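> here is a sequence together with a model predicted from it:
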Amino acid sequence: MAMLVLAALILPRAARAHEATLGVLEFREVRPGAFIGRWTMEPSIGAARVDLRVPPHCFLRLPEMNCGDKGLVGSITITNLGADMSAVLIKIIPISGEPRSYTISTANPVVSLLGAGAPTLETWVELARTYVNYGIDHILLGIDHLLFVLGLIWIVGSGWRLVKTITAFTIGHSVSLAAAAFGLIGVAERPLNACIALSIVFVAVEIIKQQRGEAGLTARYPWAVAFSFGLVHGIGFASALAGLGLERRLLPAALLFFNVGVEIGQLCFVLLVLALFWAHRRLGAVLPRWGDALPAYAIGSVSMFWFLGRLLRVLAIP
């Protein structure tokens, strides 16, 4: 019953898995307080539909923005973020000094522009708040990642065996996330997304094997499987950061905060699944025999659909 509830919650969003849209808006300062803005990555809803709100002392009519002597400091927000536009990166390129980047997301819809100069305490606090929230947002919108974790929980159950398995997955994706973010490894996005979908197909098959009384690879070596596929999923997490064009000097901190957000989101999901398991046992709900296998087949079917769709993109077949 618990698995059916989770599948019902997750699967309707399947078609949008990992298709959260981003936009990148760049403001280049051409004279003190005056900027020229342009979309370097336009969101799928179209630039004209983005409801951007800048500090009150700034006059905005793209491509021009004039903030006068006070400069571009204060709060900036986008009011119509949602499923069709999950995050927008604002890049500020001043006349002098280093470029700065800020991310406005559904989890963090307002950011404070801090002005030029070396990173201050406010900068670090803003960075932490932005990227922890973005990490939570990314994992909770990444339905394919959640389905893989759900499959692991289903196979290993609860207790220390689950703790070790989730820890192995965390270590795996943290290692590859860091390596990919620093440019030590790189995998093209389309093949990577196909591999992530295939990893969910794998755990779905493992679940069915377990239900038939067979001990699959995940049942025998759950932490090894979790670590191995964690490496694949971690590169997928890194792709979320790569598209944001972070400043190199802020990348280690942003990476740390983003990973913390991912872990918070993942932990919340694991606790939700365990709570549903507990409720299922307390209620003593009994499903027909075919109902036990239904979620595994549903997860496997959806992930195979993702895999085939992503494979066609790899092969560039329209």
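The structure has been received and is ready for your questions. Numbers count the residues shown, from 1 in each chain.

> ok so residue 151 is a helix residue?
Yes: assignment of residue 151 by DSSP: H, G, I helix; E, B strand; the rest coil places it within a helix.

> what about the helices in the stretch 51-200 of the chain?
Counting by DSSP state H, counting those that start in this stretch, one finds helices in the stretch 51-200 of the chain at the ranges 121-141, 143-156, 160-181, 189-211.

> which elements pack onto the longest one?
Okay, so that is helix 189-211. On a contact count with 3 or more CB pairs under 8 Å, 6 or more residues apart in numbering; DSSP states H and E, helix 189-211 meets helix 143-156, helix 217-220, helix 222-242, helix 289-314. Placement of C-beta: from N, CA and C, glycine included.

> ok, back up a step: okay, the helices of the stretch 51-200 of the chain in a markdown table with distance to residue 296 next?
Shown next, in a markdown table, are the helices of the stretch 51-200 of the chain (distance: least, CB to CB, whole Å):
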| stretch | distance to residue 296 |
| --- | --- |
| helix 121-141 | 22 |
| helix 143-156 | 8 |
| helix 160-181 | 18 |
| helix 189-211 | 4 |
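
> tell me which of those helices sits nearest to residue 314.
For the helices of the stretch 51-200 of the chain, proximity to residue 314 was assessed by CB to CB; helix 189-211 is nearest, at 4.7 Å.

> now that closest one: buried residues?
Of all the residues in helix 189-211, those buried under the rule 16 or more other CB atoms under 10 Å are 189, 192-207, 209-210.

> how far does that helix sit from the chain's center?
18 Å (CA atoms, centre = their mean, to the nearest Å).

> so it versus helix 143-156, what angle?
Orientation of helix 189-211 against helix 143-156 (axes from the mean of the first three to the mean of the last three CA atoms, to 10 degrees) gives an angle of 20 degrees.

> neighbours around residue 48, how many?
For residue 48, the count of nearby residues is 7 (other CB atoms under 10 Å).

> phi, psi for it please.
With angles defined as degrees, to the nearest 10, residue 48 sits at phi -70, psi -20.

> in terms of pLDDT, where does it sit?
For residue 48, the model assigns a pLDDT of 81.

> any idea how far it is from residue 218?
Going from residue 48 to residue 218 by CB to CB, to the nearest Å gives 48 Å.

> could you say which of the helices and strands packed on helix 189-211 is packed most deeply?
Of all the helices and strands packed on helix 189-211, helix 143-156 carries the top mean neighbour count, a mean of 24, counting by mean count of other CB atoms under 10 Å.

> any idea how far it is from the middle of the chain?
Put simply, helix 143-156 sits 16 Å off its chain's centre (CA atoms, centre = their mean).

> for it, packing partners?
If contacts are counted by 3+ CB pairs under 8 Å, 6+ apart, helix 143-156 sits against helix 2-10, helix 121-141, helix 160-181, helix 189-211, helix 217-220, helix 222-242, helix 251-283, helix 289-314.

> please name the residues that touch the closest residue to residue 177 other than its chain neighbours.
Nearest residue to residue 177, sequence neighbours excluded (CB to CB, 6 or more residues apart in numbering): residue 234, at 4.0 Å. Residues in contact with residue 234, defined by CB atoms under 8 Å, 6 or more residues apart in numbering, are 172, 173, 174, 175, 176, 177, 180.

> okay, the residues you listed in CSV with neighbour count next?
Shown next, in CSV, are the contacts of residue 234 (neighbours: other CB atoms under 10 Å):
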residue, neighbour count
172, 22
173, 28
174, 19
175, 15
176, 22
177, 26
180, 23
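
> okay, who's weakest in those by pLDDT?
residue 180 (78).

> show the model's pLDDT score for the residue positioned nearest the centre of the chain.
By CA atoms, centre = their mean, the chain has its centre lying nearest to residue 138, at 2.1 Å. pLDDT recorded at residue 138 is 77.

> that one touches residue 262, doesn't it?
Yes: Residue 138 is in contact with residue 262 according to CB atoms under 8 Å; the separation is 6.6 Å.

> overlap in contacts, these two.
residue 237.

> shouldn't residue 161 be in contact with residue 221?
No: with contact defined as CB under 8 Å, residue 161 does not count as touching residue 221 (11.4 Å).

> ok, now which ones touch the residue of the chain most remote from its centre?
Distance from the C-alpha centroid of the chain, by CA atoms, centre = their mean, peaks at residue 69 (38.1 Å). For residue 69, the contact set (CB under 8 Å, 6+ apart) comprises 32, 33.

> mind redoing it with 7 Å?
Neighbour list for residue 69: residue 33 [criterion: CB atoms under 7 Å, 6 or more residues apart in numbering].

> repeat that for the one 10 residues further on.
Residues in contact with residue 79, defined by CB under 7 Å, 6+ apart, are 51, 53.

> now do 10 Å
50, 51, 52, 53, 109, 110 (CB atoms under 10 Å, 6 or more residues apart in numbering).

> by pLDDT, rank those residues and give me the bottom one.
Among the contacts of residue 79, residue 110 carries the lowest pLDDT, at 69.
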